[in-house]
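Chemist: 3D model of this:
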Amino acid sequence: ELDILFVCLPNNVAAQATIAGLKRGMHVFCEKPPGMDVSDIEAVIETELKSPSLKLKYGFNHRYHDSVTETLRLIQSGELGEVINLRGVYGKSRIIPFSGGWRSKRELAGGGILLDQGIHMVDLMRLFCGEFVEVKSFISNSYWKHDVEDNAYAIMKDQKGRIAMLNSSATQWQHKFNLEISLTQGYIELHGILSGSKSYGEEKIVIGKRNEESDNGQMESKTIKFLQDNSWRDEIFEFADAVVNNKPIVSGTSKDALETMKLVFNIYADDNLWKEKYNIIKPN
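Modeler: Numbers count the residues shown, from 1 in each chain. This next block holds a predicted model:
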């Protein structure tokens with residue numbers, strides 16, 4: 001008799017396991033991505049709505065990194081004004097990790113580097129801006145030659161007309177996590193992310209305030225380094241608190257999962273060649 005199910009499975013069975021857990025009366029924590037495609041998470045939500053007393057949370061772990069929580073605090077405080085635009089790069093040197101080759105196979109993964117890793121950056125851009133309503137993209141698998149992408153390039157416009165640019169890459173030989181946010185009164189740069197591989201460098205943010213008297217772009221800035229990764233702990237504690245004390249899921253809801261998956265597949269679908277080659281269905 002189980003109370004809680006953690007789903008840490010390949011994409012082709014993650015949604016099935018999540019649905020099975022909910023149907024058996026379990027609270028479910030599912031790692032990202034929520035499934036192979038948008039229809040997977042829509043099927044999960046249909047089951048979730050039939051069991052409103054159960055908690056369902058998705059593991060968009062980057063939201064719990066200290067650099068991200070501090071950036072979100074700064075944006076929400078208005079200290080640096082309003083967001084103007086974002087530029088993000090998240091990349092590693094291959095699609096296949098040490099844990100196995102299923103990530104490079106479309107029938108098991110549903111997508112490549114964008115769905116597997118870039119989904120974190122897509123989710124953070126949604127976190128900082130809200131929903132994006134227009135997407136332009138190019139998708140490529142020209143280097144590794146798998147039937148999933150090894151690079152995705154996207155330009156996205158949100159509901160307020162703000163632009164976000166993204167490169168999700170499996171040809172980033174020196175692993176990189178970098179997100180630059182321009183605001184009306186300054187900027188925030190997120191560099192590095194603490195991870196199990198330790199390959200993305202130290203985690204830090206650089207904060208600069210706009211100097212209206214300077215016309216040469218020189219500004220004062222400060223750097224904050226984060227030396228510990230408590231993101232897994234904080235993420236699980238929040239889930240446990242929701243279960244034990246019957247609180248709503250705050251971050252990583254099924255709605256978050258659905259909207260992030262829709263954005264990922266809108267990026268896929270905007271490249272007509274990619275869309276036709278792999279029969280990508282554009283989300284509604």
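Chemist: which residues of the stretch 1-150 of the chain fall in strands?
Modeler: Ranges of strands in the stretch 1-150 of the chain, per DSSP state E, counting those that start in this stretch, are 4-7, 27-31, 56-59, 83-91, 132-140.
Chemist: does I205 really touch H65, like I thought?
Modeler: No: counting by C-beta atoms under 8 Å, I205 stays clear of H65, with 10.2 Å between them. Every C-beta, even on glycine, is put in place using the N, C-alpha and C of the backbone.
Chemist: Looking at the two, which one has more neighbours?
Modeler: For I205 versus H65, neighbours defined as other C-beta atoms under 10 Å are more numerous around H65 (25 against 22).
Chemist: May I ask you to confirm that R103 is in contact with G110?
Modeler: No: when contacts are counted by C-beta under 8 Å, R103 is not listed as touching G110 (10.0 Å).
Chemist: Out of the strands of the stretch 1-150 of the chain, which is the most enclosed?
Modeler: Of all the strands of the stretch 1-150 of the chain, strand 56-59 carries the top mean neighbour count, a mean of 25, counting by mean count of other C-beta atoms under 10 Å.
Chemist: For it, C-alpha coordinates in PDB please.
Modeler: What follows is strand 56-59, C-alpha atoms only, in PDB (Å, rounded to 0.1, in the frame of the first residue of the first chain):
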ATOM      1  CA  LEU A  56       0.400  16.000  -8.400                       C
ATOM      2  CA  LYS A  57       3.700  17.800  -8.800                       C
ATOM      3  CA  TYR A  58       6.200  18.000 -11.700                       C
ATOM      4  CA  GLY A  59       9.900  18.200 -11.100                       C
END
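Chemist: what's the closest non-adjacent residue to N12?
Modeler: Nearest residue to N12, sequence neighbours excluded (C-beta to C-beta, 6 or more residues apart in numbering): L108, at 4.9 Å.
Chemist: Can you tell me how far the one you found is from V13?
Modeler: Between L108 and V13 the computed distance is 9 Å (C-beta to C-beta, to the nearest Å).
Chemist: what's the answer for S53, then?
Modeler: Counting by C-beta to C-beta, the separation of S53 from V13 is 25 Å.
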